[in-house]
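Sequence isn't available, so here's the structure alone:
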């Protein structure tokens, strides 16, 4: 493993911005300081560039095994590192669903041989696998995923006794997708009665509305408070849900945390007219008022993490009529760059972006020695040029699905280099093959 000396970088880390050198040896940040002069195998002149800790994405769907016509761990992890995401936590709604410890172990084997980024995989919860769920190793697995609403496959957990069992006995963090199935079905039936088969993407946030989200999220919070569960609610999309979370205590002490995703911070229901199914997600992109309230909750720490919910589908699948087109889209390649665009617009600081995309995921999930630029920590690092613009086109996408909801967008910043566990894996648009990330470990 080559040693790396980064010279004159503008470090953004732990609420401060300073110009410094940084020395990496054996995968670890060995020294941070000005005018370092040790010899290194690689030296990077980072003058004028910003150095961030690598982003940790706590919610991705990389589609392997079973759905690899859409994406796989090899392709999507490469897109992630090109976007400055050095670690990911992947969801269990693959085929087969990750509902046994054996299937979970299989995914870790795939990650070890094909992921360019560091990796972890959620254990899936179903209505009848509580015994398997409780075998999950807290030090080796990021968490348990519960779909408390519509989901892919057979992972909707709607058995109240099962939910009580999970929330009362889970040995680690429980991450939930919260949308109330009964509300969604009633809304869908109502719109079907009104419009027949002529449903459109603009109706998506009315069918999967704020009420469906709040009913489920508030129920999850109630269960967590009853059993003192370590609960993490994913992809908050409504103003009303932000009231469920506390910002008066440090993140490390919170038992109930939450996440916002890039698409809910960027798009609104006004964008359905031009984007259609390409911004069809669950939970739905909702009103501008909801978007702004979620953004404010990120800024004031009611919401703790910014993630992607990267969930690719093929162009053919997304091109179907609204009722048949699946929900989800690819985001890892441009998540950090999109947030930097919002920084350029004065909506968020660089320090807050780093906090929400690197520091907070590490603290929330108790990731071992990652998420910060600290001596003795793994060197997961991203160099960014805030003044090098790029236009998103099909030609420069790394996703297997070959499309992005950001196509045509001109971003004013670019990722220049990405270092994963001490290896320079991405530089000036080129990915270095044959270098793989490490399995995340957790201090629990």
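It's in. Bear in mind the structure is a predicted one, so any value in this text is a computation, not a measurement.

what's the distance between residue 70 and residue 42?
Distance of residue 70 to residue 42, given as C-beta to C-beta, to the nearest Å: 35 Å. C-betas here are computed from N, CA, C, even on glycine.

For those two, indicate the residue with more neighbours.
residue 70 (23 against 13; other C-beta atoms under 10 Å).

Can you give me the pLDDT of that one?
Listed pLDDT for residue 70 reads 98.

what about it, distance to residue 78?
15 Å.

got it, and residue 332?
From residue 332 to residue 78 the distance is 10 Å (C-beta to C-beta).

So between these two, which is more surrounded?
Using other C-beta under 10 Å, the more surrounded residue of residue 332 and residue 78 is residue 332, with 30 against 23.

Need the three-state assignment for the more buried one.
coil (DSSP: H, G, I helix; E, B strand; the rest coil).

what's near enough to touch the closest residue to residue 155 other than its chain neighbours?
Distance criterion C-beta to C-beta, 6 or more residues apart in numbering; nearest residue to residue 155, sequence neighbours excluded, is residue 147 at 4.7 Å. The contact partners of residue 147, taken as C-beta atoms under 8 Å, 6 or more residues apart in numbering, are 93, 125, 155, 156, 157, 176, 177.

Give the buried residues for the one helix or strand residue 147 maps to.
Residue 147 is located in strand 144-148, with elements delineated by DSSP states H and E. For strand 144-148, the neighbour count (16 or more other C-beta atoms under 10 Å) marks 144, 145, 146, 147, 148 as buried.

I'd like these laid out as CSV, including pLDDT.
Below are the buried residues of strand 144-148 laid out as CSV (pLDDT from 0 to 100):
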residue, pLDDT
144, 98
145, 97
146, 95
147, 92
148, 86
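
Now do residue 210 against residue 178, distance only.
The gap separating residue 210 from residue 178 is 12 Å, by C-beta to C-beta.

quick one: common contacting residues for these two?
What both residue 210 and residue 178 touch, as defined by C-beta under 8 Å, 6+ apart, is an empty set.

Three-state assignment for residue 66, please.
coil.

That one contacts residue 93, correct?
No: counting by C-beta atoms under 8 Å, residue 66 sits too far from residue 93 to count as a contact (9.7 Å).

in the stretch 51-200 of the chain, which spans are helices?
Listed in chain order, the helices of the stretch 51-200 of the chain (DSSP state H, counting those that start in this stretch) span 73-82, 101-114, 130-133, 160-169, 181-195.

Residue 139 is in contact with residue 444, isn't it?
Yes: in this structure, residue 139 is within contact of residue 444 by C-beta under 8 Å, at 5.8 Å.

Please say which of the two ends up with more neighbours.
Shown here are residue 139 and residue 444; by other C-beta under 10 Å, residue 444 has more neighbours (15 against 11).

give the contact list for the nearest residue to that one once chain neighbours are set aside.
For residue 444, ignoring the flanking residues on the chain, the nearest one in space by C-beta to C-beta, 6+ apart is residue 138 at 4.1 Å. The neighbours of residue 138, taking C-beta under 8 Å, 6+ apart as the test, are 171, 172, 442, 444.

which phi and psi does residue 138 have?
phi -60, psi -30 (degrees, to the nearest 10).
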